[in-house]
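A.B. asks: Quick one, structure for this:
(chains A, B, C, D, E and F)
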Protein chains: 6
Amino acid sequence: MMRIVFDLGGSVIMPKEGANAKKIKEYADVFKKIKDEGHEIAIVVGGGKTAREYISIARELKANNSFCDEIGIMATRMNAMILISALGDYSIKKVPTSFEEAELILSLGKIPVMGGTHPGHTTDAVSASLAEFINADLLVIGTNVDGVYNKDPNKYKDAKKFDKISAKQLVDLALSFSLEAGSSSVIDLLAAKIIERAKLKVVVVKGTPEELLNVSKGIINGTIIEG
Amino acid sequence: MMRIVFDLGGSVIMPKEGANAKKIKEYADVFKKIKDEGHEIAIVVGGGKTAREYISIARELKANNSFCDEIGIMATRMNAMILISALGDYSIKKVPTSFEEAELILSLGKIPVMGGTHPGHTTDAVSASLAEFINADLLVIGTNVDGVYNKDPNKYKDAKKFDKISAKQLVDLALSFSLEAGSSSVIDLLAAKIIERAKLKVVVVKGTPEELLNVSKGIINGTIIEG
Amino acid sequence: MMRIVFDLGGSVIMPKEGANAKKIKEYADVFKKIKDEGHEIAIVVGGGKTAREYISIARELKANNSFCDEIGIMATRMNAMILISALGDYSIKKVPTSFEEAELILSLGKIPVMGGTHPGHTTDAVSASLAEFINADLLVIGTNVDGVYNKDPNKYKDAKKFDKISAKQLVDLALSFSLEAGSSSVIDLLAAKIIERAKLKVVVVKGTPEELLNVSKGIINGTIIEG
Amino acid sequence: MMRIVFDLGGSVIMPKEGANAKKIKEYADVFKKIKDEGHEIAIVVGGGKTAREYISIARELKANNSFCDEIGIMATRMNAMILISALGDYSIKKVPTSFEEAELILSLGKIPVMGGTHPGHTTDAVSASLAEFINADLLVIGTNVDGVYNKDPNKYKDAKKFDKISAKQLVDLALSFSLEAGSSSVIDLLAAKIIERAKLKVVVVKGTPEELLNVSKGIINGTIIEG
Amino acid sequence: MMRIVFDLGGSVIMPKEGANAKKIKEYADVFKKIKDEGHEIAIVVGGGKTAREYISIARELKANNSFCDEIGIMATRMNAMILISALGDYSIKKVPTSFEEAELILSLGKIPVMGGTHPGHTTDAVSASLAEFINADLLVIGTNVDGVYNKDPNKYKDAKKFDKISAKQLVDLALSFSLEAGSSSVIDLLAAKIIERAKLKVVVVKGTPEELLNVSKGIINGTIIEG
Amino acid sequence: MMRIVFDLGGSVIMPKEGANAKKIKEYADVFKKIKDEGHEIAIVVGGGKTAREYISIARELKANNSFCDEIGIMATRMNAMILISALGDYSIKKVPTSFEEAELILSLGKIPVMGGTHPGHTTDAVSASLAEFINADLLVIGTNVDGVYNKDPNKYKDAKKFDKISAKQLVDLALSFSLEAGSSSVIDLLAAKIIERAKLKVVVVKGTPEELLNVSKGIINGTIIEG
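C.D. replies: Numbers count the residues shown, from 1 in each chain, chains lettered A, B, ... in the order given. You can find the predicted model right below:
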C-alpha cells in the first residue's frame, strides 16, 4: 500500500484535439481501481491545449510571463475539475490551491486533484513538490513519451531510453536539454531539482490509463529514477 | 460622468471560432477611451466557447449542473484575464470574485473585470447585481443581437425591436421566452428580475466595440430599459 | 440510507416572535435522530425576523438590494449558528459559505448548516443548489404551509394542495404566482428552476420537527415534486 | 487634522428598542461632516440588542462562551453594515475583519466600519487595538454615560465624574469595578490595559451624534484619558 | 478518554538558548503516546526567544504594540511548525489560524498545533479560548514553574504553591500580580478570566515532557484549578 | 521616474549576528528617500539567520524540504514585518502573500514588502517574478558581494567581476555554478531563468543602504544584466 502522486501532463489530459469525455473516464476508472486496491493517491494535471491558446492570446496582448502563468494555472484547474467530475465520490469537488489543502483532502480519504500553484512552476514541478510535501512513496510522471531518453526522441532516431537513472543524472539531462535550442526534456529543470533534493522515487511512463495501472501493479514500462 | 457596468456576453468575447487578440484589443481600446473621458467603468464577461466545451465534457462525465456552473465560472475568469491583459495599467491583474472586491478596485481608480460568481447565476445576472451593488448609473448589455425584440429574431422574420421598454415588460418577455421551447431571451429571467428590482437604467446593444463606444457618447442603437 | 438536504424557511426557524431555544432544540433533536438512523444530512436555514428588520432599516438608509441581500445573508448565518449550537458534536462550529465547504464537512461525517451564499439567491435557491451540488437523494423544504397549492391558501379558501406535481408544473406555478401581485409561491422561481434542471426529488411539508422526522420515515404529509 | 477612531457601544447603535434608521442617519451625517473637515476616521460598533438576544438563545442551547462570542461578532458586523448603508460613498460596502483590512480602506480615503474580531475581545478592546494599530491620534469612546465615574453612576448618587484621568487610573478603576458584583465599568479591563500600553489619547463621552461632533471640534463634555 | 488542550509556554518550547531538535522530539513523542492512549489532543505553543528578539527590534523601530503582537504571532506559528515537523502523521502540515480550523483538524483525527491568533491575546489566553471552543475536558498549562504560587517564587523564598485553587482565586492572583511592578503571574489576567467564565478544568505543571505525560496518567505534580 | 523592485538577500537584512534596528532604519530611510524622489518601489526580503536556524531544526526532525521551505517563508515574512515597521506610513502593515496583493498595495501609493511565496522558490526568484508581474523598469538585487563574478569570489582570488552581462550569460553562469559542488551563484538558476524570459533590466550590487541609493541615482557599482 503506497502513497502515490500521479502527474498527468497537459498533452495527455488535454491534447491538441481537446479533451474527450471517454478518455477522461478511462483515467478516472484507473484511479478508482488503484484507490480501491488500498493505495492513497493524489493527482496533478497540466494545462495542454486550452492553456496554450489562452496564453498565446495574452502574450499577443502584451501580458507578461508571470500573468500568462496565472492564466495557464486557471486552465490546469479547469482540467482538474473535469477529472474530478469523472471521479465522483472518490474525490471532492474542490481543486486544492495549496499543498496543505491537498493533504487535508487526502486525510479525508479522498483523491485531491490539483493543477498549477504559482507563476514560474510547471505542473511537473508542482507534482514533485506535492510528492515531497505529502511524503509520497512514489511519483508517477505520465507523459507523451514512454520514458527518459538520452536525447530528444522526437529529433534523434538513435535516442536511447534509460531503464533507470539517478536523480543527479536527471538534473544533468534537463540541463543539457535546456541548453539545446528546440529540445525539451521530458522533465523540466526545476522539477528535476526538486526530485533530486527530495530523494523521491519516480517513474516516467507513457501517460496512458493502461500504463498508469501497470505502475500500480509494479510493471514499469518506462524509466525509474532513484534518489 | 457616469459609473457604467459593461456586460460582454460570452458569444461576444469568446465566439465560436475562439478569442482573437486583435478583437480583444479593440474592446480594450474602447474601454480605455471611455475611462479617459472620465467615466468609471466595470466589466463583466461571459464564458462562450471554452465554457461550453468544458461544461459539455463535464456533463458527459455526470457532473451536476452546480459543478458545471463552477467550471463555467472558471472559463469566464480566464476570459476576464485576457481582457485585463489588454487593459494594462487601466486595470489590476486580479479578477474580483465578489462585488466588494470589484468596488475596492473601482475605488483605486482602476477598471474591475469580473466573470461569474456563483452557481445558478448567468453573467447577465452578475452584471445586473454588480450594477446594483456599486450603484451604477448605467448597465450596458452587449450581446449578439442589436436590442430586445418581441419575438426571437432568429426564429421570426417579423420580430420587432423595442426602442424602449420598461423593466416590467422585460421580465414578462423573459418569462414568455422561457415558456417557449427553443427560444431564448436576450436577457435571462433572473437578470431581468434584478434589473426590475434595482430600477437600473439599462441599454441593450450589439456588443461591438463601436456600439459600446457609441453608448458612452449617448448614441444608442439598441433598446433602452427603464426602471 | 439517503443523503438529505433540509431547507428550513426563515419563518420557521426565526418566526415573528423571534427564535426560541426550546423550539430550536426540538429541531436539533430530530436532525440528530435522522443522522443516527444512518442518513447523511445537510441543512440550510433562512433569515426570518432578524433579516427582515435589518433589511428594512438598511433600505430606509438607501442601501441597494444587493447590499440588503448581503445583510440578510449575515442574519441567515446567525440562525445557522444557533442551530449549530444545538447540534453539538453532530455538527462543526463553522457555517460553510460555499458548497465546497459544505461537502467537506459532510465528508467528515458531520452535519453542515448553511445560510445564504450570494445576493439574488433566496435560501430556497441555495438549498436546491446545494442538493444538486452534493447529489442529494432528497430535498426537504420545510415551510409554513403544508405543501404546494394551486393558489395562495392564505388568500383563497378553495386552494387545493397537490399530493404530487412535476418540477415543470412547479416552475409554472412559481411563474403564475410571481405575476399576481401580493401572492407568493411556496417556492420562488429561481429555486423552482434549479429543482427542474437538477431533476431533484423534493418534498414540501410543514416545517415542524414532527413532519421533518416523518419525511425521514417515508411519511409525507405534503407535496412530492418529481423531476 | 487628526486620525480618529470612534467606538460606538452596542447600547448606542442598537439600543433595547432596536435600531432606528433616523438615528443611524444622524450618526452617519456627523461622521461625514467630520470627514469633510479633513479628519481620517475609522469606526467600531458594538452588538447591542441583537447580539444579546442571539447569545442568550445560544447559551440556553449549551453553546460555550467562545462560540457565543462568535455569534455576537456576527451581530456587530450586521450593525456595521447598517452604518455603512448610511455612509454611502464615504465608506466601502465591506466590513473589515482585521486591522490590516481597516488600514487598507483608510488608505483608500474611505471610512472603515468594523465590528468585533475575535472571541474574548469586546468591541471596546477592538477599538483600542485598532487605534493602536493605525496609530490614531484620538480614540473616542461613545457610551451611554457621559464619562468615567469613580463609582457606578447607575448605583451611587454620589458618583463623581472625572474630567481627566490617567490610563493607569483607568486600569485600576476597571479592576475595582470588576471585583464588585453587579457593577460594570464604562471600559472593560482588557480595553483599559490596551489603552494603557498604547499610550492612546482617549475621550469618553455620551455617544450621541452631537457629542461626537463636539469632540471633533475640541469640545469635550466627558472624560479625557491620557497615556 | 479525554479531549485535552496543551499550552506550551514560549520559554518552554523556545527557551533563551533557542530550540533544540532533541527536546522537541521528546515533546512530540509524549504527545504521540497520549494520542495513542485514545485521548484527543490540541496544542498551543508560545513565542519565546524568537518572538522576543523580533519584537524588541520592531519596538525600537517604533512599531506599535498591536503590530508587535502580529510579529510575535508569526513567531509562535513558526514554533508550531517545528512541533508539527516532529509529530509527522499525527498532525497536519498546516497551523490553524482560527478555532474553527483547529476543530476541523481534530475532526480528522489529527493533532492541531496552533500559535497565537490576535493582537492583545497571549498564547495562554488562546489556549483557554481554544479549550472553551472545542469543549475540552482539560487544559494543561506547561510553564517554567511547577504550579501556581501565592507570590512570585522567583522573588520570594517563602512563596507557597497551591495544590488546588478556584478559578475565582486565580483571577484574584493574576490581578494582584498585575498590580505589583516586576512580578508576573504564571497565568495572565485575560487567560484567567476566560478560564473562570468557561468553568474549565485546568492544571498548571512544569512544562517538561515527563510532567505532561504524568498529567495524562492522572499524576499531577502542580496545581489544579477548578471552575 | 521608475518602478523598481529591490531584492534584499537574507544575509543582508538578517545576517549571522541577527538583525539590528539601526541597520534596518538605514535601509528604510533610503527607501523613503527613493520613494520621495518619485519612484514606485516594491521590496522582497530574504530569510537569513532565523530561517536557517528553524529549517535546520525542522530538518533534524525529518520535515521534508517543501515544509522546510514553508517555514523559511514564515521567517522571510517576519523580516518583511521588521522593515515595514521602519517604513511607517510609506508602507502598509500587511505582508502581501501574492503578486496581486503587492500590485494592489502599489496602486495605493504605498511600498509593498514581501517575503517568500511558495516552496521551491528562493526570494531571488520571487523578486524576479514580482518585477515581471508588475512590469518593473528595474530589478535591484542587493547581495553580500558587489556584483556577478565569473567564478565564486569567495573561493577564487582571480575571480573577475562583470560590468555588464546578458541574461543568457547569467543563466549559463548559474548553471555552471550549480554543477560545481560547494559554489553558489549570486543568483540561483530559477531566478536567472525568470530574468531571462522576462527580459528584465537588473543590477546586482552590494546590498548596503548606500549602494541601493546610488542605484536610484544611476550610479551602479556592480553588474548590469540586460535582457
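
A.B. asks: Am I right that A:V5 sits in a strand?
C.D. replies: Yes - assessed with DSSP: H, G, I helix; E, B strand; the rest coil, A:V5 lies in a strand.

A.B. asks: so it bridges to which residues?
C.D. replies: Beta-bridge partners recorded for A:V5 (DSSP bridges): A:A42, A:L139.

A.B. asks: Relative to chain C, how far out is it?
C.D. replies: Using CB to the nearest CB, to the nearest Å, A:V5 is found at 21 Å from chain C. (C-beta placed from N, C-alpha, C; glycine too.)

A.B. asks: residue contacts, that residue?
C.D. replies: By CB atoms under 8 Å, 6 or more residues apart in numbering or on different chains, the contact list for A:V5 reads A:41-44, A:127, A:130-131, A:134, A:136, A:138-140.

A.B. asks: A:V203 too?
C.D. replies: The contact partners of A:V203, taken as CB under 8 Å, 6+ apart, are A:138-141, A:215, A:220, A:222-225.

A.B. asks: I believe it is in a strand; please confirm or correct that.
C.D. replies: Yes - assignment of A:V203 by three-state DSSP places it within a strand.

A.B. asks: for it, which residues make a bridge with it?
C.D. replies: Beta-bridge pairing of A:V203 under DSSP bridges involves A:V140, A:I224.

A.B. asks: Which pLDDT value goes with it?
C.D. replies: Listed pLDDT for A:V203 reads 97.

A.B. asks: just the one 5 residues further on next, same as before
C.D. replies: The pLDDT attached to A:T208 in the predicted structure is 96.

A.B. asks: Would you quantify the distance from it to A:V140?
C.D. replies: Between A:T208 and A:V140 the computed distance is 12 Å (CB to CB, to the nearest Å).

A.B. asks: Of the two, give the one with the bigger neighbour count.
C.D. replies: Using other CB atoms under 10 Å in any protein chain shown as the criterion, A:T208 and A:V140 rank with A:V140 on top: 27 against 18.

A.B. asks: gap between that one and F:N150?
C.D. replies: Applying CB to CB, the value for A:V140 to F:N150 is 41 Å.

A.B. asks: can stretch A:24-41 be found next to chain B?
C.D. replies: Yes - interface with chain B: stretch A:24-41 contributes A:24-25, A:28 (CB under 8 Å from any CB of the partner chain).

A.B. asks: Compute the distance from the centre of that stretch to the centre of its chain.
C.D. replies: Here stretch A:24-41 is found 16 Å from its chain centre; the criterion is CA atoms, centre = their mean, to the nearest Å.

A.B. asks: Mind listing residues that contact it?
C.D. replies: Contacts of stretch A:24-41 (CB under 8 Å, 6+ apart): A:1-6, A:8, A:13, A:43, A:82-83, A:85-88, A:90, A:106, A:111, A:209-210, A:212-213, A:216, B:57, B:61.

A.B. asks: can you check stretch A:215-227 too?
C.D. replies: A:4, A:33-34, A:37, A:39, A:138, A:140, A:146-148, A:161-167, A:170, A:195-196, A:198-206, A:211, A:214.

A.B. asks: if we can go back for a sec, could you flag which of the contacts of stretch A:24-41 are buried?
C.D. replies: When burial is judged by neighbour count using 16 or more other CB atoms under 10 Å in any protein chain shown, the buried members of the contacts of stretch A:24-41 are A:4-6, A:8, A:13, A:43, A:82-83, A:85-87, A:90, A:106, A:111, A:209, A:212-213, A:216, B:57, B:61.

A.B. asks: Filter the residues you listed down to the ones in helices?
C.D. replies: Members of the buried ones among the contacts of stretch A:24-41 lying in helices (criterion: DSSP state H): A:13, A:82-83, A:85-87, A:106, A:209, A:212-213, A:216, B:57.

A.B. asks: Specify which member of those is nearest to F:H118.
C.D. replies: Nearest to F:H118 among those: A:L106, at 19.7 Å, using CB to CB.

A.B. asks: show me what contacts that closest one?
C.D. replies: A:L106 makes contacts with A:3, A:40, A:42, A:112, A:134, as judged by CB under 8 Å, 6+ apart.

A.B. asks: ok, those residues vs chain E, which is closest?
C.D. replies: Proximity of these to chain E (CB to the nearest CB) peaks at A:I134, which lies at 8.4 Å.

A.B. asks: Please tell me I have it right and the closest one contacts A:A102.
C.D. replies: Yes - using CB atoms under 8 Å, A:I134 is in contact with A:A102, at 6.9 Å.

A.B. asks: Chain B contacts on chain A?
C.D. replies: Contact residues (CB under 8 Å from any CB) of chain A with chain B: A:18-21, A:24-25, A:28, A:50, A:53-54, A:57-58, A:60-63, A:67, A:70-71, A:74-75, A:77-78, A:81-82, A:84-86, A:88, A:93.

A.B. asks: Quick check: of the contacts of A:V5, which has the highest neighbour count?
C.D. replies: Top of the contacts of A:V5 by neighbour count (other CB under 10 Å): A:S127, with 33 neighbours.

A.B. asks: Now A:S176: which helix or strand?
C.D. replies: helix A:167-179 (DSSP states H and E).

A.B. asks: Contacts made by that helix with the rest, please.
C.D. replies: Residues outside helix A:167-179 that contact it (CB under 8 Å, 6+ apart) are A:148, A:150, A:152, A:162, A:165, A:183-185, A:187-189, A:191-193, A:195-196, A:199-200, A:202, A:225-227, F:175, F:179.

A.B. asks: That one vs helix F:167-179, what angle?
C.D. replies: Counting by axes from the mean of the first three to the mean of the last three CA atoms, to 10 degrees, helix A:167-179 lies at 170 degrees to helix F:167-179.

A.B. asks: what does the average pLDDT come to for helix A:167-179?
C.D. replies: The average pLDDT within helix A:167-179 is 85.

A.B. asks: Please determine how far the nearest residue to A:P119 once chain neighbours are set aside is located from chain D.
C.D. replies: Closest residue to A:P119 in three dimensions, ignoring its sequence neighbours and counting by CB to CB, 6 or more residues apart in numbering or on different chains: A:D69, at 3.7 Å. Distance, A:D69 to chain D, using CB to the nearest CB: 26 Å.

A.B. asks: List the contacts of A:D69.
C.D. replies: When contacts are counted by CB under 8 Å, 6+ apart, A:D69 touches A:116, A:118-121.

A.B. asks: next one: A:T50
C.D. replies: Going by CB under 8 Å, 6+ apart, A:T50 touches A:14, A:75, A:78-79, B:50, B:54.

A.B. asks: So which residues on chain A come close to chain E?
C.D. replies: Counting by CB under 8 Å from any CB, the residues of chain A lying close to chain E are A:99-100, A:103-104, A:107-108, A:133.

A.B. asks: Looking at those, which is nearest chain C?
C.D. replies: Using CB to the nearest CB, the residues of chain A next to chain E come closest to chain C at A:L108, 4.9 Å.
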